[in-house]
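S.K.: only geometry, no sequence info:
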Ligand code: SF4
Ligand code: FES
């Protein structure tokens, strides 16, 4: 145990925590993105709302979600500790510095970018996650014809003192599938009616982009994985996948709802 | 004398470790573009001595890029604006006539200023003493190919071994991290057969000493690699991380 704690209190151990939690969050981003593509469907939120229910109730995913919350917290705490140590390592700064001569901008601004992302995560979870869990989200009822699944009949359930029960059942008599689900889709739609809120999301995704352009490949370097053959691939995925594709598709979601509101 | 330059120098002057220090501006006149940066400072110092003033104190020894003593942070970059050279190998033709040049010492808590531009880099020595050696007798010169080492490995070890311990990596790093230096010193032995016996102990001991000295933590900006006069690469840091994590998680060797 002594060895263990002294591993994680060492500089390289702390960096290992940053790397592993960072990569775990990256893998989450992919899942989150793919799941959220349901938002683009024109089905009154059926796919998205069933997906949201699944993600919050399927036990293995719940375990992973707790791992994720832990990762976010650890990543932020270790970043703070490391930054403070780094400040202490150079108590008197230079009068003239020329960082751009020797290092990319993203690599020198991970702390600022990370702080923007932390604020974003707090606001984001407060708007959707907290609301979904405790915010009295209204329910919707979907009746899908089994013969013709494209045909979905959507009704808002009245808000009553007894909360409806989540249902997903097939009614053979009427030949339809009935789904009653919390309408997170509506919350998303409402939130993204505000241009200011959407602008904040787009800004945060820009920060995400810059954070990951450096962060993704940096995580592999910290792990010590810098095989000549695979590093170009890691860099490619880091820049084009995590740095551009993922933030852009995420940013497209609030913009999609904003344009829907205004058109 | 045509072609000679006149420069303004903003130089960090500090009497001793405890002095607060500050910048003093000097004129460097009639400087030949073919002088090295240190020769330019010699000229300035001569004029200071003539005027009865205390000359600017700076470290230097070999003046040919092999000892690693010269350590000036010039216009925001260690060893000045050129790649892969030390301050003593920097020529005044890299500057333009009339330019203002700011000269500072390496800034790191682990490298306290001794005087003016000279810092105490004994922290590096203590890291080396913690494990940067092979403690078995090396004996006489072995016959050629008695110990087979693949060429690529020999080359890589040699590249790592070219680190002159100047500390520019620490100076350049926004976190004042010494990981490029430490990783080069770990690598040069980890790669070779002679370094195997103490391989994992070494990685742990040297990293522990590095932390103890109060160097910062690498964030993989790559500034060290870009500023290193010997072009020590970031691969060394990745290798150090591998050595350290293997030692901690997969080996049984403990630090003495
Ligand atoms: S790694 Fe390069 S910059 Fe650092 S001490 Fe060695 S030679 Fe100097
Ligand atoms: S004086 Fe020896 S390297 Fe510059």
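M.R.: All right, it came through fine. On a predicted model such as this, the values are computed, not experimentally measured, just so you know. Numbers count the residues shown, from 1 in each chain, chains lettered A, B, ... in the order given. Ligands and ions are numbered 1, 2, ... in the order given.
S.K.: could you use CA atoms for every contact and neighbour count after this?
M.R.: Fine.
S.K.: where does the residue in the stretch 151-256 of chain B that chain A sits nearest to land in three-state SS?
M.R.: Residue nearest to chain A within the stretch 151-256 of chain B (Cα to the nearest Cα): residue B:238, separated by 4.0 Å. Judged by DSSP: H, G, I helix; E, B strand; the rest coil, the three-state class of residue B:238 is helix.
S.K.: wait, doesn't it sit right on residue A:231?
M.R.: No: taking Cα atoms under 8 Å as the definition, residue B:238 is not a contact partner of residue A:231, at 11.8 Å.
S.K.: look at the two and report which has more neighbours.
M.R.: Legend: neighbour count by other Cα atoms under 10 Å in any protein chain shown for residue B:238 and residue A:231, higher for residue B:238 (24 against 15).
S.K.: which residues touch the more buried one?
M.R.: Counting by Cα atoms under 8 Å, 6 or more residues apart in numbering or on different chains, residue B:238 touches A:221, A:222, A:223, A:224, A:225, A:226.
S.K.: burial measure for residue A:3, as a count.
M.R.: 12.
S.K.: the helices in the chain, which residues?
M.R.: Going with chain A. A:2-9, A:11-36, A:46-57, A:59-89, A:105-108, A:110-124, A:131-134, A:184-191, A:195-223, A:231-236, A:246-262 (DSSP state H).
S.K.: ah, no, chain B please
M.R.: Counting by DSSP H, the helices of chain B are B:37-50, B:122-131, B:151-161, B:168-172, B:179-190, B:199-212, B:223-227, B:235-250.
S.K.: any chance of the ones you listed in a markdown table, plus mean pLDDT?
M.R.: Below are the helices of chain B laid out as a markdown table (pLDDT from 0 to 100):
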| stretch | mean pLDDT |
| --- | --- |
| helix B:37-50 | 98 |
| helix B:122-131 | 98 |
| helix B:151-161 | 97 |
| helix B:168-172 | 98 |
| helix B:179-190 | 98 |
| helix B:199-212 | 96 |
| helix B:223-227 | 98 |
| helix B:235-250 | 96 |
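S.K.: which of the ones you listed sits most buried?
M.R.: The highest mean neighbour count among the helices of chain B, using mean count of other Cα atoms under 10 Å in any protein chain shown, belongs to helix B:168-172: a mean of 29.
S.K.: that helix near ligand 1 anywhere?
M.R.: Yes: using Cα under 6 Å from any ligand atom, helix B:168-172 reaches ligand 1 at B:168, B:169.
S.K.: spell out which residues of the stretch 151-256 of chain B are next to chain A.
M.R.: Within reach of chain A by Cα under 8 Å from any Cα of the partner chain, the stretch 151-256 of chain B has these residues: B:174-177, B:207-208, B:211, B:214-217, B:219-224, B:226-227, B:235, B:237-242, B:244, B:248.
S.K.: before we move on, what about the stretch 1-150 of chain B?
M.R.: B:75, B:76, B:77, B:102, B:104, B:107, B:108, B:109, B:110.
S.K.: got a winner among these for most neighbours?
M.R.: residue B:108 (29 neighbours).
S.K.: tally of neighbours for the closest residue to it other than its chain neighbours?
M.R.: Spatially, and ignoring its direct neighbours in sequence, residue B:108 is nearest to residue A:90 (4.6 Å; Cα to Cα, 6 or more residues apart in numbering or on different chains). By the criterion of other Cα under 10 Å, residue A:90 has 25 neighbours.
S.K.: residue A:90 and residue A:84: what is the separation?
M.R.: 10 Å (Cα to Cα, to the nearest Å).
S.K.: OK, contacts around residue B:92?
M.R.: B:31, B:32, B:33, B:34, B:35, B:36, B:37, B:40.
S.K.: try 7 Å
M.R.: B:33, B:34, B:35, B:36, B:37 (Cα atoms under 7 Å, 6 or more residues apart in numbering or on different chains).
S.K.: please consider this matter closed, and thank you.
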